[in-house]
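Engineer: Predicted model and sequence below, questions to follow.
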Number of protein chains: 2
Amino acid sequence: MDQEAVAPGTVRPGGRTARVRESVLRAAGDLLAERGFAQLDLTEVAARAGAGKTTVYRRWQTPAGLVADLVAEMAETSLPHADTGSLREDLRANARLVVHTLTDLRQGRLFAALIAAATSDPDAAAALRHFYDVRLAEWTPCIHAAVSRGELPPGTDPRAVLSAVSAPLYYRLLASRDPLDDTVATTAADAAYVAARAGLFTAGDPPT
Amino acid sequence: MDQEAVAPGTVRPGGRTARVRESVLRAAGDLLAERGFAQLDLTEVAARAGAGKTTVYRRWQTPAGLVADLVAEMAETSLPHADTGSLREDLRANARLVVHTLTDLRQGRLFAALIAAATSDPDAAAALRHFYDVRLAEWTPCIHAAVSRGELPPGTDPRAVLSAVSAPLYYRLLASRDPLDDTVATTAADAAYVAARAGLFTAGDPPT
């Protein structure tokens, strides 16, 4: 057992606790990207982060707990939405952002590992869903602005449009494993755009 | 060590080897669905299948090897494509098939586990890609027929259309974790349909 002294309640926000979290999450992200979720070990994370093993086990408890906190940190640092004045261009910017995240060597492997963890762990799944909720909330104004400009039918569901942009990109990463690039991003955005303009993402009765 | 006698090369096709594969894959599928890939243990699979541990380790070697063979078996038993005379209806049938697979308690968890395995194991990833290739080849005639009927522009890429149908369904299963039902299937199919008719899935230069 690790004999590190811990004094709960005595740390200041932004102080030692925040620094430990930063170094532990960086080490956890590195290990996830290198080896995947199945090999993520809290003792090794603690050693690589220069943090106490007891601290890491008490605060994060399990590999899934670490993954949940990693995705919470990603949600906190999510980029602001585009505002080009054109829905088609806003959606293309959104699609390129997703492609760049998923093709980044570190972030792409990290995301795949997080999604893998979420398939078997409810806490990781809830954390992942929270990440998408934050991301969707950030980009929702693009859809509302497009409705105001008359580009989209009233009642268009922002979540449905934005999910339609992301879905083909995640499908390539996880299922078909076809390559991802900016051309693919453009097609994904444009397909979502024409479907949204055709009224397929409005609330109400499904089309028959 | 397991002391089971093994006589390679003495088994007949469709005989003992086929029966062992069937029972091992059933046990592996059950354990995957119950607990996920991270808990898949070859010794336990062998015990549950009533098969020799040595046989299982020699033939499948790793949990990823088992998963690769499971997905190969799913590809072998993939259902025939629809042929309704209408592309929209064919795509809706395809989408419902995907939704029914992913929402089936056993197959859905199995698929999520397979995809999770594929994020960190190249053999599982190659096997998963092979499954999609088989499925896509089965449904490609629907797209060619639609081009012949004038429903779609010449040069439409079948893989792009069919991936567009599946993508929102997998995205819900794996990423957003929004629910899956027949209404969602219809919307996914119809969105792919309007994008395909708009010429977004033809080969050649990307739209600008």
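Structural biologist: Cool, the structure landed. Numbers count the residues shown, from 1 in each chain, chains lettered A, B, ... in the order given.
Engineer: hey, let's count contacts and neighbours off CA atoms from now on
Structural biologist: Fine.
Engineer: and the helix or strand encompassing residue A:126, which residues are buried?
Structural biologist: Residue A:126 is located in helix A:122-148, with elements delineated by DSSP states H and E. By 16 or more other CA atoms under 10 Å in any protein chain shown, the buried positions in helix A:122-148 come out as A:123-125, A:127-132, A:135-136, A:139-140, A:142-147.
Engineer: For it, what does the pLDDT average out to?
Structural biologist: Mean pLDDT, helix A:122-148: 89.
Engineer: Below-threshold pLDDT in chain A: ranges please.
Structural biologist: Applying pLDDT under 70 to chain A flags the ranges A:1-14, A:204-208.
Engineer: Just want the residue of it that's nearest chain B.
Structural biologist: Residue of chain A nearest chain B, by CA to the nearest CA: residue A:116 (4.1 Å).
Engineer: Let me see the contact set for residue A:91.
Structural biologist: Contacts for residue A:91 (CA atoms under 8 Å, 6 or more residues apart in numbering or on different chains) come out as A:162, A:165, A:189, A:190, A:193.
Engineer: so it, which of the three states?
Structural biologist: helix (DSSP: H, G, I helix; E, B strand; the rest coil).
Engineer: Domain-wise, how is chain A divided?
Structural biologist: The record's domain parsing of chain A by automatic domain parsing lists A:3-69, A:78-197.
Engineer: For the residue of chain A closest to chain B, pull up the helix or strand it's in.
Structural biologist: Going by DSSP H and E, residue A:116 is in helix A:105-118.
Engineer: Can you name every helix or strand that that helix contacts?
Structural biologist: Where contact means 3 or more CA pairs under 8 Å, 6 or more residues apart in numbering or on different chains; DSSP states H and E, helix A:105-118 is packed against helix A:16-35, helix A:63-76, helix A:87-103, helix A:122-148, helix B:105-120.
Engineer: Now the helix or strand containing residue A:192 - C-alpha only, PDB.
Structural biologist: Assessed by DSSP H and E, residue A:192 sits inside helix A:182-197. Taking C-alpha atoms only, helix A:182-197 is exported to PDB below (Å, rounded to 0.1, in the frame of the first residue of the first chain):
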ATOM      1  CA  ASP A 182     -12.400  16.800 -45.200                       C
ATOM      2  CA  THR A 183     -14.200  15.600 -48.300                       C
ATOM      3  CA  VAL A 184     -16.000  13.100 -46.100                       C
ATOM      4  CA  ALA A 185     -16.800  15.900 -43.600                       C
ATOM      5  CA  THR A 186     -18.300  18.000 -46.400                       C
ATOM      6  CA  THR A 187     -20.500  15.200 -47.700                       C
ATOM      7  CA  ALA A 188     -21.700  14.400 -44.100                       C
ATOM      8  CA  ALA A 189     -22.600  18.100 -43.600                       C
ATOM      9  CA  ASP A 190     -24.300  18.500 -46.900                       C
ATOM     10  CA  ALA A 191     -26.300  15.300 -46.500                       C
ATOM     11  CA  ALA A 192     -27.600  16.500 -43.100                       C
ATOM     12  CA  TYR A 193     -28.300  19.900 -44.700                       C
ATOM     13  CA  VAL A 194     -30.500  18.600 -47.500                       C
ATOM     14  CA  ALA A 195     -32.300  16.200 -45.200                       C
ATOM     15  CA  ALA A 196     -33.000  19.000 -42.700                       C
ATOM     16  CA  ARG A 197     -34.200  21.300 -45.500                       C
END
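Engineer: Helix or strand next in line after the helix holding residue A:126, which one?
Structural biologist: Following helix A:122-148 in sequence order, the next helix or strand is helix A:158-171 (DSSP H and E).
Engineer: Contacts made by that next one with the rest, please.
Structural biologist: Applying CA under 8 Å, 6+ apart, the external contacts of helix A:158-171 come out as A:91, A:94-95, A:98-99, A:136, A:139-140, A:143-144, A:177, A:180, A:184-185, A:188-189, A:191-193, A:196, A:201, B:163-164, B:166-168, B:170-171.
Engineer: Was I right to think residue A:153 contacts residue A:147?
Structural biologist: Yes. Using CA atoms under 8 Å, residue A:153 is in contact with residue A:147, at 6.1 Å.
Engineer: Grab the nearest non-local neighbour of the residue most central in space within chain A.
Structural biologist: The residue lying closest to the centre of chain A (CA atoms, centre = their mean) is residue A:131, at 4.9 Å. Nearest residue to residue A:131 in three dimensions, chain neighbours excluded: residue A:75, at 5.0 Å (CA to CA, 6 or more residues apart in numbering or on different chains).
Engineer: before we move on, what about residue A:140?
Structural biologist: With sequence-adjacent residues excluded and distances taken as CA to CA, 6+ apart, residue A:140 is closest to residue A:158, at 5.5 Å.
Engineer: if I look at that neighbour, how far off is residue B:192?
Structural biologist: Distance of residue A:158 to residue B:192, given as CA to CA, to the nearest Å: 18 Å.
Engineer: do the same with residue A:91
Structural biologist: Going from residue A:91 to residue B:192 by CA to CA gives 17 Å.
Engineer: CA-only coordinates of stretch A:48-59 in CSV, if you can.
Structural biologist: Output of stretch A:48-59 as CSV, limited to C-alpha atoms (Å, rounded to 0.1, in the frame of the first residue of the first chain):
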residue,chain,number,x,y,z
ARG,A,48,3.2,8.1,-14.5
ALA,A,49,1.4,11.1,-13.1
GLY,A,50,3.7,11.3,-10.1
ALA,A,51,0.6,11.1,-7.9
GLY,A,52,-0.1,9.0,-4.9
LYS,A,53,-1.7,5.6,-5.6
THR,A,54,-4.1,6.0,-2.6
THR,A,55,-5.2,9.4,-3.9
VAL,A,56,-5.9,8.0,-7.4
TYR,A,57,-7.8,5.0,-6.2
ARG,A,58,-9.9,7.1,-3.7
ARG,A,59,-10.8,9.8,-6.2
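Engineer: quick one: buried residues of it?
Structural biologist: A:48, A:49, A:51, A:52, A:53, A:54, A:55, A:56, A:57.
Engineer: can you redo those residues as CSV with secondary structure and distance to residue B:33?
Structural biologist: CSV is the format used below for these (DSSP: H, G, I helix; E, B strand; the rest coil; distance: CA to CA, whole Å):
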residue, secondary structure, distance to residue B:33
A:48, helix, 34
A:49, helix, 35
A:51, coil, 36
A:52, coil, 36
A:53, helix, 33
A:54, helix, 33
A:55, helix, 34
A:56, helix, 30
A:57, helix, 28
